[in-house]
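Trainee: next comes the sequence, and after it the predicted model I'd like to discuss.
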Amino acid sequence: MQTGNSLKNIFITGGASGIGYSIARKFSSENYKVGIADIVQPEHEEKDIFFSRADVTNPVDIDRLYKEVVESIGHPEVLVLNAGRGIQEKLTEGDPEKWQQVINLNLMGNLRCIRAFVPDMMKKKRGHVIFISSVSANQPHPAGGIYAASKTALEVIAKTLRLETLPHVKVTVVSPGITDTKFFENQISGFTTVENLEMGAIGPEEIADDVFYAVSRKNGRCINKIVTRPLKQNF
């Protein structure tokens, strides 16, 4: 399928599983050159998807990652900032060291990727940055303050990037609701599961479809935000 703006390669952080992996597979099926990075190996080896093991919170890894991605798929025209992690701790009882880990990944890791990859988009006067956020942004809730704050800050970064890169780089925020991935399993702390929330879940493939929809809009158009959640979800 030919996209509306003819962007043909994509790089995804946190691409080894869940939403990131589904995005990688979706775009690979649409004949994009695809690169992913993660701290773990992908769920399944895909010969058409370039993988680099990297920690986006580490500046040394970012420098190496940028060079490897450019050498393997070219300068990314679409950058998907998906790497992130959850945490559930009360502000009066939690561990600030764990909070710092979440902020480093969910916010600083994405900022490092922006600093590394977006300048080339500006030079070429074309590109698209996708931020994978959450419906938790701007939604204070007990034990969810740190995660919600990190995603709220991320959305402010996205809005700022849009203003700073106008009119050359498109910026889209995709905010999933409860999604059937290992997100809750991989939280730094917390015991929520998709099942005990009792509101259903969307599949990661649905978020991949949202990302593709945003990227495939024709030139001169940009979808700035997409929110997708299970029909029964009340936040």
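Mentor: Alright, I've got the coordinates. Since the structure is predicted, the reported quantities are computational estimates derived from the model, not experimental observations.

Trainee: biggest strand in this structure, by residue count?
Mentor: In the chain, with assignment by DSSP state E, the single longest strand is strand 169-176.

Trainee: mean confidence for it?
Mentor: What strand 169-176 shows for mean pLDDT is 98.

Trainee: and that strand, what does it pack onto?
Mentor: In terms of contacts (3 or more CB pairs under 8 Å, 6 or more residues apart in numbering; DSSP states H and E), strand 169-176 is packed against helix 110-124, strand 127-132, helix 145-165, helix 204-215, strand 225-228. C-beta coordinates here come from the backbone N, C-alpha and C atoms, glycine included.

Trainee: out of those, nearest to residue 64?
Mentor: helix 110-124 (10.4 Å; CB to CB).

Trainee: who are the packing partners of the closest one?
Mentor: strand 9-13, helix 59-73, strand 78-81, strand 127-132, helix 145-165, strand 169-176.

Trainee: tell me the buried residues in the second one?
Mentor: By 16 or more other CB atoms under 10 Å, the buried positions in helix 59-73 come out as 61, 62, 65, 66, 68, 69, 73.

Trainee: could you list the low-pLDDT ranges of the chain?
Mentor: Low-confidence segments of the chain, defined by pLDDT under 70: 1-6.

Trainee: spatially central residue for the protein, please.
Mentor: residue 82 (1.8 Å; CA atoms, centre = their mean).

Trainee: need the contact list for that residue.
Mentor: 12, 13, 14, 15, 19, 20, 23, 130, 132 (CB atoms under 8 Å, 6 or more residues apart in numbering).
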